[in-house]
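> how would this look folded up:
(one chain, ligands or ions: 1)
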Amino acid sequence: MICIKLPHTDFEVSEIAFGAWAIVGGFNWGPQDEKDSIDALRTAYEEGINFFDTAEMYGSGASENLIHKALGEVRNKIIIATKLKPADYAYADVKKATEERLKALSTDRLDLLQLHWPNPEIPVEETMRALSELKQEGKIRAYGVSNFGKQQLQEATKYADEISSNQLPYNLLWRAIEYEVLPECKQDNIPILCYSPIMQGLLTGKFADAGSVPDDRARTRHFSSERPQARHSEEGCEDLTFETIDKIRKIAEEYGKPMAEISIAWLLSQPAVGSVIVGGRNGEQVRKNVKALDCKLDDDVLQKLNEATQPLKEKLGNRADLWEGKSRIQ
Ligand SMILES: NC(=O)c1ccc[n+]([C@@H]2O[C@H](COP(=O)([O-])OP(=O)(O)OC[C@H]3O[C@@H](n4cnc5c(N)ncnc54)[C@H](OP(=O)(O)O)[C@@H]3O)[C@@H](O)[C@H]2O)c1
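Model prediction:
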């Protein structure tokens, strides 16, 4: 496993990270057996992953608790990235919520503390001041942002010159960040941590059509606003999405690799990408996903994948918010 050093840190993270959202089940994911969650986390570690992404918002601390339960014994060998929720961005709340995250993870320091989504209601200057102090005090080793667009990054970097990462939605079916956010991250030397890299399972080819995708995963702007949990008012582009999946499937078949591997490997070839955060609900999925590391895509395949996904990229446009029509990522 190749590891990269995030800027303004004294640690290295694996280029595939484990995403610890789905392992709490519930919202977006449905029922989940804790044994499988523990198995997923320990398998990730055994397969060479040292980077674990979690958040308070994943089960109100349940995901953080699980990381401690599964990997507490190897705490010093792993890098834990957690996130504060936007309601906690006022100066005093940042400090208080950080203490709560330390407790939830049963640890004495956070490796990477991220702001989960921008919050236009609270001046970013105030939030960044609190994060910088926490870093100086040694409570956190580094801080990063998540879902910050070009303008939001430009504003944040006025007040913080040690932003170590920006976590963003990025995959073959969601290339919106390529228009503005990715070039900004590249210019600012802020690595991208890609989330939903296999589009919550769509890029494994497990769903035959839009109707087979469970409603909670069909909240994204690929799907019609008539889906019950949609938070946008767009018509969606379900036919184009599934035509694109078919094209990717054919390219993967020609290459002799599963679609999920090809999809993760494509991300690892993109500029400004620091690590790819893949979710897995059990050890078996994790083992399959890390195989992407053996999949070195040549320029010809990368080109074919770019061409196959370009019409969907153009249809969805440059608004980088997966779920809401009025993008929160600005
Ligand atoms: N910063 C943010 O706002 C934000 C937002 C979203 C996610 N994230 C982070 O990014 C991580 C990853 O994103 P994600 O969980 O949304 O999506 P993802 O990684 O694209 O998809 C993960 C899901 O795909 C299915 N899956 C995984 N491997 C599979 C395999 N080999 N074969 C078949 N199915 C497989 C599993 O669900 P099923 O088995 O149920 O199909 C799994 O939960 C999250 O865990 C979280 O840490 C951050």
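> Tell me which residue in the chain sits closest to the ligand.
Per CB to the nearest ligand atom, Gly19 is where the chain lies closest to the ligand, at 2.3 Å. For glycine as for every other residue, the C-beta is placed from the backbone atoms N, C-alpha and C.
> Show me the beta-bridge partners of that residue.
Assessed by DSSP bridges, Gly19 has beta-bridge partners Asp53, Gly279.
> What residues does it make contact with?
Gly19 makes contact with 53, 195, 277-280 under the criterion CB atoms under 8 Å, 6 or more residues apart in numbering.
> let's see 7 Å
Going by CB atoms under 7 Å, 6 or more residues apart in numbering, Gly19 touches 53, 195, 277-279.
> what about it, distance to Gly280?
From Gly19 over to Gly280 the distance is 8 Å, taken as CB to CB, to the nearest Å.
> Please apply the same query to Trp174.
19 Å.
> And for Glu324?
Counting by CB to CB, the gap from Glu324 to Gly280 is 26 Å.
> next one: Val290
Using CB to CB, one obtains 9 Å as the distance from Val290 to Gly280.
> who has more neighbours, those two?
Using other CB atoms under 10 Å as the criterion, Val290 and Gly280 rank with Gly280 on top: 26 against 23.
> Against Val301, how distant is the residue in the chain sticking out farthest from the centre?
Relative to the centre of the chain, the most outlying C-alpha is that of Glu254, 28.3 Å out, by CA atoms, centre = their mean. Taking CB to CB as the measure, Glu254 falls 8 Å from Val301.
> likewise Thr82?
35 Å.
> Pull stretch 240-252 out as PDB, backbone CA atoms only.
Output of stretch 240-252 as PDB, limited to C-alpha atoms (Å, rounded to 0.1, in the frame of the first residue of the first chain):
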ATOM      1  CA  LEU A 240     -28.000   8.300 -19.000                       C
ATOM      2  CA  THR A 241     -26.600   7.100 -15.600                       C
ATOM      3  CA  PHE A 242     -27.400   3.500 -16.400                       C
ATOM      4  CA  GLU A 243     -26.100   3.800 -20.000                       C
ATOM      5  CA  THR A 244     -22.900   5.100 -18.500                       C
ATOM      6  CA  ILE A 245     -22.700   2.200 -16.100                       C
ATOM      7  CA  ASP A 246     -23.100  -0.200 -19.000                       C
ATOM      8  CA  LYS A 247     -20.200   1.500 -20.900                       C
ATOM      9  CA  ILE A 248     -18.000   1.300 -17.800                       C
ATOM     10  CA  ARG A 249     -19.000  -2.400 -17.400                       C
ATOM     11  CA  LYS A 250     -17.900  -3.100 -21.000                       C
ATOM     12  CA  ILE A 251     -14.500  -1.300 -20.500                       C
ATOM     13  CA  ALA A 252     -14.000  -3.300 -17.200                       C
END
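> Would that stretch count as contacting the ligand?
No. Against the ligand, stretch 240-252 shows no contacts by CB under 6 Å from any ligand atom, the least distance being 12.9 Å.
> For that stretch, give the mean pLDDT please.
For stretch 240-252, mean pLDDT rounds to 98.
> neighbouring contacts of it?
Taking CB under 7 Å, 6+ apart as the rule, stretch 240-252 contacts 172-173, 202, 205, 209-210, 222, 258-259, 262, 301, 304-305, 308-309, 311-312, 315.
> Flag every buried residue along that stretch.
Applying a neighbour-count criterion of 16 or more other CB atoms under 10 Å, one finds 240-242, 244-245, 247-249, 251-252 buried in stretch 240-252.
> Pull the distance from stretch 229-245 to the chain's centre.
For stretch 229-245, the separation from the chain centroid amounts to 20 Å (computed by CA atoms, centre = their mean, to the nearest Å).
> any residues touching stretch 26-43, and which ones?
Here stretch 26-43 has contacts from 18, 22-25, 59, 66-67, 69-71, 216-217, 280-283, 286-287, using CB under 7 Å, 6+ apart.
> where in the stretch 151-300 of the chain is pLDDT low?
Within the stretch 151-300 of the chain, no range satisfies pLDDT under 70.
> How about the residues of it by the ligand?
Contact residues, the stretch 151-300 of the chain versus the ligand (CB under 6 Å from any ligand atom): 167, 195-201, 204, 206, 260, 277-281, 285, 288-289.
> Counting only helices, which of the residues you listed make the cut?
260, 285, 288-289 (DSSP state H).
> and which of those is nearest to Glu125?
Nearest to Glu125, judged by CB to CB, of those is Asn289 at 38.8 Å.
> contacting residues for the residue nearest to the closest one when sequence neighbours are not counted?
Closest residue to Asn289 apart from its sequence neighbours, by CB to CB, 6 or more residues apart in numbering: Val278 at 4.8 Å. Applying CB under 7 Å, 6+ apart to Val278 gives the contacts 16, 18-19, 197-198, 264, 289.
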